[in-house]
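Participant: coordinates only, sequence not included:
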């Protein structure tokens, strides 16, 4: 009889077990729904923070010089090519100089003739005229003595006087002729000027570099006929290498002369070199909204070339061991202050903070937060709401850089 009663109680036990399970599940649902929502957040920690301005530009030199010929001529020799370094006064090009060389030779020959023939002849003529004058003076003295003693005629005395005057005139003429060809005389100065003029004309057949620099372009070959003013070579004048950057005007407040930069050329992405901010243009280009910035490269690498495209990372500020907050946790920013929601006893409580160095992803907190505080990330969370945080890692760059990007298109026709 007891054995027959046991099966009759099993359906009741099953119903009781199901009822208990339903009650437990309902209680679990109610408990789960009563829990605060899980939202993303961050834990405030100290990090080194670097603020950069990143921009793209190109390599420039202080100035470019166009080399041209002063005369019309035919090229007979080209002595330099692109990429070569030249010194001021170095010959770059030779023009045919047949006519001008002949004119110079003619002027030099005339000067040699003066020195070797005309001047000795004039000196000899002067000596002879001087001797004749001295003889005429002696003849006159004798004639005067004879006439005074009554032994000569008046006619003989007058002839001696006339001979003396003639000899003196000849001596004076010979002296004048010699003075004209004497060293430093008028004729020598005229011939020397003619030689200098012919030499200057002939020198124009040699096209020289006016400054130290590097040959960027050549526009002439042997056999070409060139004319005055025609650009034959373009030289990059020697001087400090610079990088020209068009920087977004929004970053002007972050830039100062003397700031350091790290640069990388597109042609050599695995090689970097140092530069320093040396120039800020006095005005902004209204058409592009950019400011011209120049970086000086104190030690340019040998492979750096004119007009190379270069990306520059200018360090505008640096903070060591600074408290930082991700920018998406900042609310109601007003100048140097803002509001963040801090997890306090399970609730997202608003707190005013003072901001310092700002970047694209991270901002320094000067006051209002401490290391270890947990803040709510961006989202639809109301002040005072109960929440649970799902902590996220700080954005990339927390320990290295928070760049202010200025990737502007390079000017056309650079």
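Facilitator: Cool, the structure landed. Remember, predicted model here, so these are calculated numbers, not experimental data.

Participant: immediately after the helix or strand hosting residue 55, which helix or strand?
Facilitator: Residue 55 belongs to strand 45-60 when assigned by DSSP states H and E. Next helix or strand after strand 45-60 toward the C-terminus (DSSP H and E): strand 64-68.

Participant: what separates that following strand from the chain centre, distance-wise?
Facilitator: 17 Å (CA atoms, centre = their mean, to the nearest Å).

Participant: buried ones in it, by neighbour count?
Facilitator: residue 67 (16 or more other CB atoms under 10 Å). C-beta: built from backbone N, CA, C; applies to glycine.

Participant: what mean pLDDT does the helix or strand following it get?
Facilitator: Next along the chain after strand 64-68, taking DSSP H and E as the criterion, comes strand 73-78. The average pLDDT within strand 73-78 is 88.

Participant: who touches strand 73-78?
Facilitator: 92-97, 205, 218, 220-226 (CB atoms under 8 Å, 6 or more residues apart in numbering).

Participant: compare those residues and tell me which is most surrounded.
Facilitator: Neighbour count (other CB atoms under 10 Å) singles out residue 93 as the most crowded of these, with 25 neighbours.

Participant: quick check: bridge partners of that residue?
Facilitator: residue 78, residue 207 (DSSP bridges).

Participant: quick one: secondary structure of the closest residue to residue 170 other than its chain neighbours?
Facilitator: Closest residue to residue 170 in three dimensions, ignoring its sequence neighbours and counting by CB to CB, 6 or more residues apart in numbering: residue 129, at 4.7 Å. Secondary structure state of residue 129, per DSSP: H, G, I helix; E, B strand; the rest coil, is helix.

Participant: hmm, residue 129 is touching residue 168, no?
Facilitator: No: with contacts counted by CB atoms under 8 Å, residue 129 stays clear of residue 168, the gap being 9.0 Å.

Participant: which of the two has more neighbours?
Facilitator: Shown here are residue 129 and residue 168; by other CB under 10 Å, residue 129 has more neighbours (21 against 15).

Participant: which residues sit in contact with the more buried one?
Facilitator: By CB under 8 Å, 6+ apart, the contact set of residue 129 is 167, 170-171, 173-175.

Participant: now the nearest residue to residue 97 once chain neighbours are set aside. Its backbone dihedrals?
Facilitator: Distances taken as CB to CB, 6+ apart place residue 205 nearest to residue 97, at 3.9 Å, with adjacent residues excluded. Per-residue torsions, residue 205: phi -80, psi -10 (degrees, to the nearest 10).

Participant: so which bits of stretch 146-166 are buried?
Facilitator: Residues 147, 152, 157, 160, 163-164 are the ones in stretch 146-166 that count as buried (16+ other CB under 10 Å).

Participant: avg pLDDT for it?
Facilitator: Stretch 146-166 comes out with an average pLDDT of 80.

Participant: just how off-centre is it within its chain?
Facilitator: 92 Å.

Participant: quick check: end-to-end length of stretch 380-388?
Facilitator: 13 Å (CA to CA, to the nearest Å).

Participant: so what's the residue nearest to residue 233 when sequence neighbours are not counted up against?
Facilitator: Nearest non-adjacent residue to residue 233, counting by CB to CB, 6+ apart: residue 67, 4.1 Å away. Neighbouring residues of residue 67 by CB under 8 Å, 6+ apart: 92, 207, 209-210, 231-235.
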